[in-house]
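Undergrad: coords below, sequence missing:
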């Protein structure tokens, strides 16, 4: 939460045919919304993709929501017969809150105020904190 989600997305033509008008579109779906991460207009990234070639991109998005997230990668292209083809791949992951912070305020008789912050690691792994 509050970190940047980054992913390298790669599409490779493993067929024996050249395809054309290749479109790669990525979206991030949460429980409350769906956000386009790349190519929201759906324009072709390359006019043709020969066998063995690939297209790739790095996507970045600031994570603002806890819970389940779904990265949706959609690829469309036109095959050698002139037919438009499309497929989607889905990648699920969880965004968890690694720290729980509780605060307490204390007042002294001199009207000084002190703040106590209690930080709890909510992950199963050790965390290292620096100044």
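TA: Nice, thanks for sending it over. A quick note: this is a predicted structure, and the numbers were derived from the prediction, not measured.

Undergrad: drop to CA atoms for contacts and neighbour counts, all remaining ones
TA: OK.

Undergrad: name the strands paired with the helix or strand hosting residue 20 and say parallel or antiparallel.
TA: Assigned by DSSP states H and E, residue 20 belongs to strand 19-29. Strand 19-29 has its sheet partners listed here by DSSP bridges as strand 34-38 (antiparallel), strand 46-49 (antiparallel), strand 67-78 (antiparallel).

Undergrad: show me what whichever helix or strand comes after the longest one is packed up against.
TA: Okay, so that is strand 67-78. Later in the chain than strand 67-78, the nearest helix or strand by DSSP H and E is strand 84-95. For strand 84-95, the packing partners by 3 or more C-alpha pairs under 8 Å, 6 or more residues apart in numbering; DSSP states H and E come out as strand 67-78.

Undergrad: state the mean pLDDT of the strand it packs on.
TA: Mean pLDDT, strand 67-78: 96.

Undergrad: any regions of the chain where pLDDT drops low?
TA: For the chain, the stretches with pLDDT under 70 are 1.
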